[in-house]
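> the sequence and its predicted three-dimensional model are supplied below.
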2 protein chains.
Amino acid sequence: MKSEEIAKIAGVSRSTVSRVINNYTNVPDETKKKVLEVIEKYNYQPNTCARVLAGKKSDTIGLFVVSIADAENPNRLYKNDYFNQFTNAIVDCANSRGYYVLINIIYCESDYSRVNEIFLQKRIDGGIVLGTEKEAETLIKISKKGCPIALIDYDAEEIRKNKAENENLILVGSRDYEGAAAAVEYLIELGHTDIGLLAGRMTTYSGRQRYKAFFDTMKKHNLEINDQFVLHGDFIKSKTSNEVHALISKGRLPSAIFSSNDDMAITAIELFKENNIRVPEDISIIGFDNITLASLVKPSLTTVETPIFDIAEKTVKELISNIQKTGKGFKSYSYNTKMVIRETCAKK
Amino acid sequence: MKSEEIAKIAGVSRSTVSRVINNYTNVPDETKKKVLEVIEKYNYQPNTCARVLAGKKSDTIGLFVVSIADAENPNRLYKNDYFNQFTNAIVDCANSRGYYVLINIIYCESDYSRVNEIFLQKRIDGGIVLGTEKEAETLIKISKKGCPIALIDYDAEEIRKNKAENENLILVGSRDYEGAAAAVEYLIELGHTDIGLLAGRMTTYSGRQRYKAFFDTMKKHNLEINDQFVLHGDFIKSKTSNEVHALISKGRLPSAIFSSNDDMAITAIELFKENNIRVPEDISIIGFDNITLASLVKPSLTTVETPIFDIAEKTVKELISNIQKTGKGFKSYSYNTKMVIRETCAKK
DNA sequence: CTGAAAGCGCTTACAG
DNA sequence: CTGAAAGCGCTTACAG
């Protein structure tokens, strides 16, 4: 069924059918009603490709999820709760605004070229990149060519520096520095002085912010940091296991650990338990993100909540506004985090 | 950049450029090389919509995830680990075979019309429906019109009955009846005779199979079933809480419970713990699915593993083969489940 | 207010 | 082996 057939049945021209579909104001109610009835009756849906080719938008957003999981794990992303929540929230928000979501997983640097390809193929009106802060230059270049792009968890300051003129770039994230600082302050308030760090991946903005906040806060309180207690988990389960194992085998432990995300915190807690190190009696630990799992593990994880749903919603909303040119220009938004106190931290 | 410009630069016609792109065999190597060089140099990507309009496939698969989560939860799907794993596996498999995935969340019956709409809009070449076994008739009707559709976790027998002539339908699932029967057998072997059931949603195939297997296996061993011990959690957390609460308040408990999925099992365990009922000392519990969480909760959950990745991979593979017409006809595949013994079941 | 016509960027018989 | 041309199903100036 195509618009021409609808036109014939309704006794009008294709132009008029098109005007009705596209909500032109200069179609008399009667004509409109007649056409809509036929459309309804035959369950007609305009061919999206023909519309796009004729100049309409595709109403499709590309979601590019950058996997940071272990390369050796064949199912990779597959188990990352944090990304899953984001993905669902984004799909949900987009769908409810009448947008379709084309989802892509990016495993390696060369996969970034897909972002550009998909834009060039005219498959999408805009893109959201979620994950490690890689290839920012590539993405900025694409956005400068007129493709609206939203970046989640990228360093706004860094990008703003010389890209302020960019009209198609949106940055959304959370104030992780403040969140991480609050977490460390909390441990200090509990009386801890010998605090360790489970650091995230330095190629991510959040990884760096949480790292920096840890050192700054410790310094602010004149607390020394034992190099042995700075573990590089890189947001990866296997690396975290290795690092925590190494720590345990050295014999001496900090009295508390700030972990740059929940996944690593949970991995660490598992290992501590296996080695008869009690949490929080022997060691306190605080995570970051408040993933679903955080409230379900035992002991439940004290953590800092990232407002995933708010971030996702804002990202979708602003991206759509850029696509429709209702709002333009470089935009950057940052959301507050929130401490969620549960069972893994005790007084020293 | 369009094919005509590439043609001009390469000194050939649009037709030839198109032939190169579409891998026609009758293009001499030299011509092919020349054209490919220009395409490469200018980073040309053909406009997908123009290709589709001219008769090509869109190389896009629609993924329709049916949410069964609590209606009152605004984030709904958002927290369902089981679906997330499926989604990721499907995207992963499709991407690696050169297919794009358009993802949609279906919340209510009326959302099913979107499946048809998206096909009619020519946005997708095929669709995968994942979730509760609703609206099978609607979906079968769509597939009969020539749209390849794959259904995950639908009742093959039921559909096969009078639809064997359907060329575009694929069913993939797991042998849940056998898996559930094995789980109940396991509890019986441990010496349990007073076994309860946490039943899933009866509108799902897996919900019914797991339910039926429980009753059949109990009967096979001449074990009585106490009506009070049959709880209807419907795969929903809040309903499960209510049912388990009611059971606990009645005072008498079964010595073991077969739960139709891990989510409900984990919810139940939480409640038992809150009421000082020890798992597995006071009550044994076995789940189904082996979601990520199952190995992480304490005590870790004994369960029956559904081979999510295998199912996803097979679904994508067969759907693509139907799209490309390399393999045709009604197809139905079923995968074996596997017991994963952990810590939540003890001898009676 | 509305129709005829051009055009979007491809692919593919068709003819040579 | 290859180009000119028709056609895919829309939208939108243009003219009336």
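Now that the structure is in, tell me what you want to look at.
> use CA for all of it now, contacts and neighbours both
Will do.
> does stretch A:118-129 reach DNA strand D?
No. Under the criterion of C-alpha under 7 Å from any atom of the strand, DNA strand D is not reached by stretch A:118-129; the shortest gap measures 13.7 Å.
> that stretch near chain B anywhere?
Yes. Interface with chain B: stretch A:118-129 contributes A:120-123 (C-alpha under 8 Å from any C-alpha of the partner chain).
> just those residues: which are in helices?
A:Leu120 (DSSP state H).
> most neighbours among the residues of stretch A:118-129 next to chain B, which one is it?
Ranked by the number of neighbours (other C-alpha atoms under 10 Å in any protein chain shown), the residues of stretch A:118-129 next to chain B place A:Arg123 first, at 24 neighbours.
> ok, now how distant is that one from DNA strand D?
Using C-alpha to the nearest atom of the strand, to the nearest Å, we find A:Arg123 at a distance of 15 Å from DNA strand D.
> and what of A:Lys144?
With C-alpha to the nearest atom of the strand as the criterion, A:Lys144 and DNA strand D are 23 Å apart.
> picking that back up, nearest to DNA strand D, of the residues of stretch A:118-129 next to chain B?
The closest of those to DNA strand D turns out to be A:Lys122 (C-alpha to the nearest atom of the strand; 13.7 Å).
> quick one, strands of the stretch 201-348 of chain A?
A:230-232, A:256-259, A:284-286, A:303-305, A:331-335, A:338-340 (DSSP state E, counting those that start in this stretch).
> one more: the stretch 1-150 of chain A?
Under DSSP E, counting those that start in this stretch, the stretch 1-150 of chain A gives strands at A:60-66, A:100-106, A:126-130, A:149-152.
> need these in JSON lines with mean pLDDT, can you?
Below are these laid out as JSON lines (pLDDT from 0 to 100):
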{"stretch": "strand A:60-66", "mean pLDDT": "93"}
{"stretch": "strand A:100-106", "mean pLDDT": "92"}
{"stretch": "strand A:126-130", "mean pLDDT": "94"}
{"stretch": "strand A:149-152", "mean pLDDT": "92"}
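> can you tell me which of the ones you listed is most buried?
Ranked by mean neighbour count under mean count of other C-alpha atoms under 10 Å in any protein chain shown, the strands of the stretch 1-150 of chain A are led by strand A:149-152, which reaches a mean of 28.
> that strand: partners in the sheet, and parallel or antiparallel?
strand A:126-130 (parallel), strand A:169-174 (parallel) (DSSP bridges).
> tell me which of those strands lies nearest to DNA strand C.
Closest among the strands paired with strand A:149-152, using C-alpha to the nearest atom of the strand: strand A:126-130, at 17.9 Å.
> the closest one vs strand A:100-106, what angle?
40 degrees (axes from the mean of the first three to the mean of the last three C-alpha atoms, to 10 degrees).
> how far does strand A:126-130 sit from the chain's center?
In terms of C-alpha atoms, centre = their mean, to the nearest Å, the centre of strand A:126-130 is found 9 Å from the chain centre.
> residues making contact with that strand?
Residues outside strand A:126-130 that contact it (C-alpha atoms under 8 Å, 6 or more residues apart in numbering or on different chains) are A:60-66, A:115, A:119, A:147-153, A:315, A:319-320, A:323.
> and the angle from the helix or strand of chain A with the lowest mean pLDDT to strand A:331-335?
Counting by mean pLDDT, DSSP states H and E, chain A has its least confident helix or strand at helix A:156-163, which shows a mean of 72. On the basis of the same axes, to 10 degrees, helix A:156-163 is oriented at 170 degrees to strand A:331-335.
> would you turn the strands of the stretch 1-150 of chain A into a markdown table with distance to A:Ser260?
Output for those, formatted as a markdown table (distance: least, C-alpha to C-alpha, whole Å):
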| stretch | distance to A:Ser260 |
| --- | --- |
| strand A:60-66 | 18 |
| strand A:100-106 | 22 |
| strand A:126-130 | 18 |
| strand A:149-152 | 17 |
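> tell me which of those lies nearest to A:Ala246.
Among these, strand A:60-66 comes nearest to A:Ala246, with 28.9 Å by C-alpha to C-alpha.
> pLDDT at the closest residue to DNA strand C within the stretch 51-200 of chain A, what is it?
Residue nearest to DNA strand C within the stretch 51-200 of chain A: A:Ala54 (3.5 Å; C-alpha to the nearest atom of the strand). pLDDT recorded at A:Ala54 is 94.
> can you tell me the closest non-neighbouring residue to A:Met202?
The shortest distance from A:Met202 to any residue other than its chain neighbours is 5.2 Å, reached at A:Arg208 (C-alpha to C-alpha, 6 or more residues apart in numbering or on different chains).
> that neighbour: neighbour count?
Neighbours of A:Arg208 using other C-alpha under 10 Å come to 19.
> residues in contact with it?
Shown in contact with A:Arg208 (C-alpha under 8 Å, 6+ apart): A:200-202.
> again, but for A:Glu30
No contacts exist for A:Glu30 under C-alpha under 8 Å, 6+ apart.
> related to what we said a few turns ago, compare the contacts of A:Arg208 and tell me which is most surrounded.
Per-residue neighbour counts (other C-alpha under 10 Å) across the contacts of A:Arg208 peak at A:Gly200, which has 25 neighbours.
> got the contact list for the residue nearest to that residue when sequence neighbours are not counted?
Among residues not flanking A:Gly200 along the chain, A:Asp234 sits closest, at 4.1 Å (C-alpha to C-alpha, 6+ apart). Residues in contact with A:Asp234, defined by C-alpha under 8 Å, 6+ apart, are A:199-202, A:240.
> make JSON lines from the strands paired with strand A:149-152 and add distance to B:Ile248 to it.
Converted to JSON lines, those look like this (distance: least, C-alpha to C-alpha, whole Å):
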{"stretch": "strand A:126-130", "distance to B:Ile248": "44"}
{"stretch": "strand A:169-174", "distance to B:Ile248": "42"}
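> might one say that A:Arg342 is in contact with A:Lys298?
No. Counting by C-alpha atoms under 8 Å, A:Arg342 sits too far from A:Lys298 to count as a contact (10.2 Å).
> show me which of those two is the more surrounded one.
Taking other C-alpha under 10 Å, A:Arg342 and A:Lys298 do not tie; A:Lys298 has more neighbours (19 against 15).
> spatially nearest residue to that one, not counting backbone neighbours?
Using C-alpha to C-alpha, 6+ apart, the closest residue to A:Lys298 is B:Lys298 (6.0 Å).
> what's the burial count for the residue lying closest to A:Asn116 once chain neighbours are set aside?
For A:Asn116, ignoring the flanking residues on the chain, the nearest one in space by C-alpha to C-alpha, 6+ apart is A:Ile142 at 6.5 Å. A count of nearby residues for A:Ile142, using other C-alpha under 10 Å, gives 19.
> same question, A:Ser96
11.
> next: A:Thr25.
For A:Thr25, the tally of surrounding residues (other C-alpha under 10 Å) stands at 10.
> got phi/psi on it?
The phi/psi pair for A:Thr25 (degrees, to the nearest 10) reads phi -80, psi -20.
> closest to A:Gln228 out of the contacts of A:Asp234?
Closest approach to A:Gln228 among the contacts of A:Asp234 (C-alpha to C-alpha): A:Ala199, at 12.5 Å.
> now do the same contact list for the nearest residue to the closest one once chain neighbours are set aside.
For A:Ala199, ignoring the flanking residues on the chain, the nearest one in space by C-alpha to C-alpha, 6+ apart is A:His232 at 5.0 Å. Counting by C-alpha under 8 Å, 6+ apart, A:His232 makes contact with A:198-201, A:239-240, A:243.
> give me every residue in the stretch 101-250 of chain A lying close to chain B.
Counting by C-alpha under 8 Å from any C-alpha, the positions of the stretch 101-250 of chain A adjacent to chain B are A:101-105, A:117, A:120-123.
> spell out which parts of the stretch 201-348 of chain A neighbour DNA strand D.
Close to DNA strand D, as judged by C-alpha under 7 Å from any atom of the strand, the stretch 201-348 of chain A has no residues.
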